[in-house]
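Q: output the structure for:
(4 chains)
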4 protein chains.
Amino acid sequence: MTDNWHHGAAAVVTLTFDVDAETPILAQGRHYARHASTMSHQAYGPEVGLPRILAMLDDLGVPATFFVPGWVAERRPGLAASIVERGHEVAHHSYSHRPPTSMTPEEERADFERALAVFAGQGIEISGHRAALWEASWQTADLVAEHGLRYDSSLMGDDRPYRVATRSGDIVELPVHWSLDDWEQYAYLPEPHIGSVIESPAKVLELWRSELDGMRRYRCLFNLCAHPFLSGRPGRAEALRRFVEYALECGDVRFARCRDVAGDAAADAALPTRSPQPPDADPEVYPV
Amino acid sequence: MTDNWHHGAAAVVTLTFDVDAETPILAQGRHYARHASTMSHQAYGPEVGLPRILAMLDDLGVPATFFVPGWVAERRPGLAASIVERGHEVAHHSYSHRPPTSMTPEEERADFERALAVFAGQGIEISGHRAALWEASWQTADLVAEHGLRYDSSLMGDDRPYRVATRSGDIVELPVHWSLDDWEQYAYLPEPHIGSVIESPAKVLELWRSELDGMRRYRCLFNLCAHPFLSGRPGRAEALRRFVEYALECGDVRFARCRDVAGDAAADAALPTRSPQPPDADPEVYPV
Amino acid sequence: MTDNWHHGAAAVVTLTFDVDAETPILAQGRHYARHASTMSHQAYGPEVGLPRILAMLDDLGVPATFFVPGWVAERRPGLAASIVERGHEVAHHSYSHRPPTSMTPEEERADFERALAVFAGQGIEISGHRAALWEASWQTADLVAEHGLRYDSSLMGDDRPYRVATRSGDIVELPVHWSLDDWEQYAYLPEPHIGSVIESPAKVLELWRSELDGMRRYRCLFNLCAHPFLSGRPGRAEALRRFVEYALECGDVRFARCRDVAGDAAADAALPTRSPQPPDADPEVYPV
Amino acid sequence: MTDNWHHGAAAVVTLTFDVDAETPILAQGRHYARHASTMSHQAYGPEVGLPRILAMLDDLGVPATFFVPGWVAERRPGLAASIVERGHEVAHHSYSHRPPTSMTPEEERADFERALAVFAGQGIEISGHRAALWEASWQTADLVAEHGLRYDSSLMGDDRPYRVATRSGDIVELPVHWSLDDWEQYAYLPEPHIGSVIESPAKVLELWRSELDGMRRYRCLFNLCAHPFLSGRPGRAEALRRFVEYALECGDVRFARCRDVAGDAAADAALPTRSPQPPDADPEVYPV
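A: Residues are numbered from 1 along each chain as shown, chains lettered A, B, ... in the order given. Got it, this is the predicted structure:
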């Protein structure tokens, strides 16, 4: 039995962009709305980085998936549509970008549903979800399944898609990983304090290429996560372009939207199922 | 319609130097004045780094802009004049280097005007402003326009100049970005704790060159920010020299003072206008 | 007199893997068990990284040592046996991964013995120990000797094996060092906050090769520490593979399990003995 | 008038080693004495790193200066003598390695004099001083002069030697800088938390070579600071060796002990004098 979600490719690349705009900063403190420079740093994402990336994807002829917080889609009404018009996918990235682990179950549910309502109001079809800050709770997968979405992309339990059993049936997990996130390489702000040294695009390109090469050996899902306010900058956009060109030159790499990979994975009888559970952390063993 | 602020160049470089001296440290705590080593580390900027950079700019034949806190200009009376005499620009970088976001509106105004008074007293003509720590408030652009300055250089909403509408008329924004700031690459102090690993000039040169190359594709403003106490060090000065030589060799890069770019941009009918507003951060969505 | 533990090699490599799974995170706070993404990030180690590494070691034909917390061995009953079956060594890495320096002597003893009981119950023979977080107390070596283990691998007093005198007789120390730990290069989590930038495998390979080359000059023990949840990722596994291939090509490097190096070292009359003692830290000299 | 302290070289290199052993850790908290691994990490410096470095300097035929805290010299009685016997210099590095900025003037004086008493008791002639953590107070230079030492090496006001006027006459300052300190590149400990990623020796070698090249252009003092517990590791010792070989190959670089450079500088009439003063940090300008 062979895995079908690959379509014969050595590795599958899902280019994903988290269009966070101001939300991750406001989630750290409402008062940062008073910081004009910081807000402009975040607004660069949807206003400058996003159109640049969309144009580049057109040039390169590869599809992508854009995870958009409901708050962002609401405040910039044409944004989600402009992505879908180009043939890309818009997916659910919470309403507020507050991580589920920082909310009560009721708050998480309300935030989750509020984003869905925004997208429904804009006629944007949603197939998948990614938790803010990749900090899913144990309830998150249940919410995804209960609301009829096909996939989640917030866990890190594998480097290939896997099935997750929930109370409302199975979903597909398209796992992420910090090493394929541009945030740890590029993000820097003094207030709130984020990042340390800022890496050069050449280093990031090398990191991504070496991970892709490893993934081609092991037949994995290269689920890249970039942010328009970071990778939309000129030198970094060039590095991203070169990465895509490299992957295309490999000849054995397939590009797809998350929705399509999730569909193929759901139809793949060989796909492994995981039913992760919270570990029992006994207070006698772990007193803190 | 073509953009005129470029004068036909693929990218425009504004070399800017923030001559902060002791101010960013004192802004973190007055008691650091008692730290002799730390104060000497900062004094190196105006006393050793600045003359070295001025001589290098003469060698290379390129103009630059020096953002000087009023407190520094006041304590080192000949400093601003020595910059202007070489044909470079001196610009407003607050009085105390305390960030506007840490002050009340009244404090910000008083600090802003105190610096202007220092420069007026020294006969230094000021055309533009950069907020301390690139932490402008929403009032900052208003202050700039109200006091008759032509441009601000504290926001990050684009990588090309843009018009900002204020209560007192339009100004030009010459946007900055953390990836073109030498602070995140080189700064290190144990007390106050600043920085982590110290990067090599070779890495920084690579980072700047790759950003310039990206900017030449996208016709941007390469608004470099260096600090004499950092990039005035011998090996780093060499990297800066090599960067300028590289840009000159490109043949399609223009060097200009901020004041001149702002003038060209203000006269450019094609320049986009932005009127950034503080986002509404609803306490129900962002309770913290 | 020549040293015998080397068997004539210029350097000896012990590949060690700390199979920590969820324990280092739970040791920082029991409540992290509620973080589904973070727990999946850790579960990747035993579930994906470990089998990949075991297969790679088979390919390469080199032996290794796996330090496993008792808590992990208990919850994944077949794990330790699957390692031993391939000819590798399983060693003691505490029960809970709480560092000895954070426990009372009684707690450290209980944690130490609980792990031994787990391994005894699974029929796994244990010869050596490594303290959680490499944070041994002054009691740790005593516990190792008292329970009949042959070696410890938690101290950093040399880069060659040495004898440590304890109340219950001598043991061998196989020293570790942070520069040969993949954690500082690769680990990143937002909550608990771990790491900063994530390094590329190319940099890590360079670091390891340069240390091996230095150690071949000085005839040292290259005691590499990798984590399946980190170095089990595709691009990093490739770097590890290339490191082993490089070491094999050197022609003068020996690979061995810790148990075997400890046995050779214990039999080596030329092995130096150290009896480290806590320094007297006089409160008049060190008031804090 | 030409500067004589150079002896015609393009740059002068002072290789300096801060033999801190356990002191910088104990200065952060007396209770770290209970951490056996951490103490072994520090003991590696005098016990393994130092003899390796001394042998390497013999090989290379270059002199060096070792800054030793009195506490270290006291607890390892033969250490200072073993350095002097090889023709190198031992200099004053405080007694406890507590930074002067964290002590009262009386405490700083007592600590300063206690170290001198240790060296006097061991017959070690002391000519110069370096403040712990490079955190000199404004009193430090006075103490150096008052006790008849010729130079200090704790300030960063230049990259060439300069004269400092004190209440007890002039001394020579041999300035240091964080970019020529191996600590920021290599140091890592979890408790106390020090460092972030650990850099590779190849990067550090590149950093040092580029700074030396810059200094050869500007005729500076390359005052390298390495720590035996860091740069005594095999791969790092190799990088240090390669740096020295590179400098020797330049043909225009002079190696000297700090004492000798200070003597030459003191005799150089062209040496600039600085009389640094604490800046007036007005509480109205700097309220924090």
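Q: helices along the stretch 1-150 of chain A, start to end?
A: Taking DSSP state H, counting those that start in this stretch to define them, one finds helices in the stretch 1-150 of chain A at A:23-26, A:36-44, A:50-60, A:70-75, A:79-84, A:105-121, A:140-146.
Q: remind me which residues of chain A are low pLDDT?
A: Counting by pLDDT under 70, the low-confidence segments of chain A come to A:1-2.
Q: spell out which residues of it are next to chain D.
A: Residues of chain A lying close to chain D by Cβ under 8 Å from any Cβ of the partner chain are residue A:196. C-beta here means a position set from N, CA and C on the backbone, and glycine is covered the same way.
Q: before we move on, the earlier item: just tell me which of the helices of the stretch 1-150 of chain A ends up closest to residue D:42.
A: helix A:23-26 (39.5 Å; Cβ to Cβ).
Q: the closest one and chain B, any residue contact?
A: Yes: Helix A:23-26 reaches chain B (Cβ under 8 Å from any Cβ) through residue A:26.
Q: check whether that helix contacts chain C.
A: No: Helix A:23-26 is not in contact with chain C by Cβ under 8 Å from any Cβ; minimum separation 10.5 Å.
Q: correct me if wrong: residue A:94 contacts residue A:135.
A: No: at 10.1 Å, residue A:94 does not count as touching residue A:135 under the criterion of Cβ atoms under 8 Å.
Q: and the residue of chain A at minimum distance from chain B, how many neighbours?
A: Closest to chain B within chain A is residue A:234: 2.9 Å, counting by Cβ to the nearest Cβ. Neighbour count of residue A:234, defined by other Cβ atoms under 10 Å in any protein chain shown: 25.
Q: so it makes contact with residue B:221?
A: No: applying Cβ under 8 Å as the test, residue A:234 and residue B:221 come out as separate, 10.5 Å apart.
Q: quick one: common contacting residues for the two?
A: Counting by Cβ atoms under 8 Å, 6 or more residues apart in numbering or on different chains, the common neighbours of residue A:234 and residue B:221 are B:159, B:215.
Q: next, give phi and psi for the residue lying closest to residue A:179 once chain neighbours are set aside.
A: In this structure, residue A:179 finds its nearest non-sequential neighbour in residue C:198, 5.3 Å apart by Cβ to Cβ, 6 or more residues apart in numbering or on different chains. Note on residue C:198: backbone dihedrals following degrees, to the nearest 10 are phi -100, psi 130.
Q: number of nearby residues for residue C:198?
A: Neighbour tally, residue C:198, other Cβ under 10 Å: 22.
Q: show me what contacts residue A:132?
A: A:23-24, A:27, A:69, A:93-94, A:96-100 are the contacts of residue A:132 under Cβ under 8 Å, 6+ apart.
Q: which of the three states applies to residue A:286?
A: Of the three states, residue A:286 takes coil according to DSSP: H, G, I helix; E, B strand; the rest coil.
Q: what's near enough to touch the residue of chain A closest to chain B?
A: Contact analysis of residue A:234 by Cβ under 8 Å, 6+ apart lists B:159, B:211, B:213-215, B:217-218, B:220.
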